[in-house]
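In: give me a 3D structure for the following:
(one chain, ligands or ions: 1)
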Amino acid sequence: MCPAFGAIRNLLRMEDAMPIVISSGDGCMYGHTFVAHFYVANRPIFSPGVSSQMWAKGSVFDELKAMVVEMAEKYQPSLIPICSLCVSDTVGLPFELLPKQIGNTEIVYVPLPAYSVHTHARAKDIVVDSLVWRLPSQRKARSGVNLIGELFPSDPIKIDDVLRRIGTHVNTTVPGPRWEDYVAMVDGAVNAPLHPFYSESVKRMKMKQGLPFVEGAPVGIDGTYAWIKSVGEILQLDPATVESVAADEREKVRAAMADYPLKGLTFMVAGYEGHEFMLVRLLIEAGASVPYLSTAVNTNPLARQEEAWLRERGCTVLYGANFDDEIGALQDHPYDCVIGTTPLCAHAKELGIPSIYYTNAMATRSQMFAEGAADILSLATSTYRSKERYHKIASFFSETGIPRQTATSWQPKIDLTEHLIVNDAFAPTNVAVAVAPAAVDGSEAQAAHGAVGA
Ligand code: SF4
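Out: Numbers count the residues shown, from 1 in each chain. The predicted structure is shown next:
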């Protein structure tokens with residue numbers, strides 16, 4: 001799926017933004033319009049007309065410029081992000097010649113060519129990165145914590161409640177639904193990326209804002225305590241109060257987790273936006289073994305602290321993982337439960353392993369503080385307990401009446417080219433290339449047709 005979709009989903013959630021998407025053609029535009037309407041509650045996207053002729057004549061840029069001016073003057077949105085996709089970025093439109101601001105409307109170039117942006121995660125990071133670069137300078141008098149990340153809606157409220165007990169508060173949350181959520185970052189005293197996802201944006205924030213950063217998140221027994229303590233130390237809040245609140249929250253998480261012991265169970269986790277690090281932390285603290293965590297994010301400094309914690313507890317992290325890697329890992333241990341991406345869970349279910357879809361079930365839940373821990377662990381426990389049902393279904397669909405079991409030794413990942421060669425996919429009779437005979441008479445044409453269809 002086109003990686004730019006991830007960015008468009010984020011931008012269209014902004015109520016006061018009118019994104020322009022410079023599509024590469026009709027098919028490209030159809031895909032992005034579909035995403036805009038299907039996934040993002042019927043929001044429109046805008047595009048200058050594009051055609052080969054217009055690209056050749058260079059008139060796309062003129063039309064884009066006229067469109068930006070008209071939209072800004074007529075509708076006065078806070079933001080017009082200009083998403084440059086494959087063709088416009090290859091052609092190299094002179095985006096620097098566009099106005100940066102018209103009235104109160106910010107006009108921001110967002111580069112999203114699919115040939116260099118390979119995941120939705122990276123595309124979302126580019127959006128935040130581009131918007132942050134446009135922020136005004138940091139205010140001198142500032143206070144509160146800027147939360148950064150894909151959060152469950154109740155998370156900022158819960159975090160604010162705890163922060164107020166130690167003498168500070170949540171200043172803003174990005175990505176947020178309004179441009180002013182980003183602008184408010186200049187009033188914050190500390191940035192808190194809550195999962196290792198917006199890594200490029202964070203680099204930019206470091207360059208631009210010069211604010212301190214607090215790492216980790218209030219997730220799990222150790223994580224909750226450490227996060228509250230870190231905020232207190234960075235903001236130099238009253239140490240006794242901070243210690244008391246941190247210890248109190250830690251005990252609440254411990255008590256909540258005691259109801260869901262996972263000792264003796266082995267989980268595999270595969271996620272995509274960095275929440276999975278915190279999820280594995282919860283599972284391990286509840287007693288589970290998690291030998292393998294697969295994540296779509298690439299290795300980055302924001303993940304180092306969390307990765308070290310996981311590694312000390314026997315969990316290997318595979319960054320930028322693909323499906324083949326995950327299937328290989330699935331065969332490496334006899335898993336009791338898999339929490340992962342849709343294709344991985346589908347495969348695990350065929351093996352009779354209880355599985356939870358990350359997107360639908362995990363990414364839509366809070367993991368933070370005692371309530372988050374209880375919610376996540378209760379789902380994991382109830383899924384594992386229904387293993388008999390998974391076994392029955394897998395047996396029903398298996399040819400032998402017994403579900404295929406996971407192997408206990410590592411299998412190398414599939415090499416697709418080798419697989420195709422072994423299966424003679426490149427043999428002349430299997431290559432469906434319509435080589436037209438030079439002089440077509442009836443019999444030659446028939447023979448060629450027969451070969452292609454063989
Ligand atoms: S990959 Fe490029 S051309 Fe294809 S839909 Fe995405 S942006 Fe458009």
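
In: now do the SS call for the residue positioned nearest the centre of the chain.
Out: Central residue of the chain (Cα atoms, centre = their mean): Glu273, 3.3 Å from the mean position. The three-state assignment at Glu273 reads coil, by DSSP: H, G, I helix; E, B strand; the rest coil.

In: now do the helix or strand harbouring Val290: which elements does it pack against?
Out: Using DSSP states H and E, Val290 maps to strand 289-295. Secondary-structure packing of strand 289-295 (3 or more Cβ pairs under 8 Å, 6 or more residues apart in numbering; DSSP states H and E): strand 266-271, helix 275-285, strand 316-318, helix 323-330. To be clear about C-beta, it is placed using only N, CA and C from the backbone, and glycine gets the same treatment.

In: so Gln171 belongs to a strand, correct?
Out: Heads up, residue 171 is Asn, not Gln. Yes - assessed with three-state DSSP, Asn171 lies in a strand.

In: tell me how far the nearest residue to it once chain neighbours are set aside lies from Leu235.
Out: Nearest residue to Asn171 in three dimensions, chain neighbours excluded: Gly144, at 3.2 Å (Cβ to Cβ, 6 or more residues apart in numbering). Gly144 is 9 Å from Leu235, where distance means Cβ to Cβ, to the nearest Å.

In: between the two, what contacts are shared?
Out: Counting by Cβ atoms under 8 Å, 6 or more residues apart in numbering, the contacts common to Gly144 and Leu235 are 168, 189-190.

In: looking at those, state which has the most neighbours.
Out: Thr168 (21 neighbours; other Cβ atoms under 10 Å).

In: for that residue, list the residues it contacts.
Out: 143-145, 189, 231, 235, 237.

In: now the buried members of those residues.
Out: Buried subset of those (neighbour count, 16 or more other Cβ atoms under 10 Å): 144-145, 189, 231, 235, 237.

In: can you redo the residues you listed as a markdown table with secondary structure and pLDDT?
Out: Listed next are the buried ones among the contacts of Thr168 as a markdown table, based on DSSP: H, G, I helix; E, B strand; the rest coil; pLDDT from 0 to 100:
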| residue | secondary structure | pLDDT |
| --- | --- | --- |
| Gly144 | coil | 96 |
| Val145 | strand | 97 |
| Ala189 | coil | 94 |
| Val231 | helix | 98 |
| Leu235 | coil | 97 |
| Leu237 | coil | 98 |
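
In: out of those, which comes closest to Asp129?
Out: Val145 (20.3 Å; Cβ to Cβ).

In: mind listing the residues bridging to that closest one?
Out: Counting by DSSP bridges, Val145 forms beta bridges with Val170, Val190.

In: let me see the contact set for it.
Out: Contacts for Val145 (Cβ under 8 Å, 6+ apart) come out as 159, 163, 168-171, 188-192, 214, 231.

In: could I get these as JSON lines with distance to Ala394?
Out: JSON lines is the format used below for the contacts of Val145 (distance: Cβ to Cβ, whole Å):
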{"residue": "Ile159", "distance to Ala394": "41"}
{"residue": "Leu163", "distance to Ala394": "47"}
{"residue": "Thr168", "distance to Ala394": "51"}
{"residue": "His169", "distance to Ala394": "50"}
{"residue": "Val170", "distance to Ala394": "45"}
{"residue": "Asn171", "distance to Ala394": "50"}
{"residue": "Gly188", "distance to Ala394": "50"}
{"residue": "Ala189", "distance to Ala394": "53"}
{"residue": "Val190", "distance to Ala394": "49"}
{"residue": "Asn191", "distance to Ala394": "46"}
{"residue": "Ala192", "distance to Ala394": "43"}
{"residue": "Val214", "distance to Ala394": "45"}
{"residue": "Val231", "distance to Ala394": "46"}
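
In: element containing Gly31, please.
Out: Using DSSP H and E, Gly31 sits within helix 26-38.

In: run through who's touching that helix.
Out: For helix 26-38, contacts defined as Cβ under 8 Å, 6+ apart pick out 2, 4-5, 8-9, 12, 21, 23, 42-45, 47, 85-86.

In: restrict those to those near the ligand?
Out: 2, 4, 85-86 (Cβ under 6 Å from any ligand atom).

In: check what pLDDT the closest residue in space to Leu211 that isn't next to it in sequence gets.
Out: Excluding the flanking residues, the one nearest Leu211 by Cβ to Cβ, 6+ apart is Asn191, at 5.1 Å. We have a pLDDT of 95 for Asn191.

In: quick one on the thing from earlier: reformat the shared contacts of Gly144 and Leu235 as a markdown table; add distance to Gly314.
Out: Formatted as a markdown table, the shared contacts of Gly144 and Leu235 follow (distance: Cβ to Cβ, whole Å):
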| residue | distance to Gly314 |
| --- | --- |
| Thr168 | 36 |
| Ala189 | 37 |
| Val190 | 32 |
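
In: can you put those residues in JSON lines and add distance to the ligand?
Out: Converted to JSON lines, the shared contacts of Gly144 and Leu235 look like this (distance: Cβ to the nearest ligand atom, whole Å):
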{"residue": "Thr168", "distance to the ligand": "42"}
{"residue": "Ala189", "distance to the ligand": "39"}
{"residue": "Val190", "distance to the ligand": "36"}
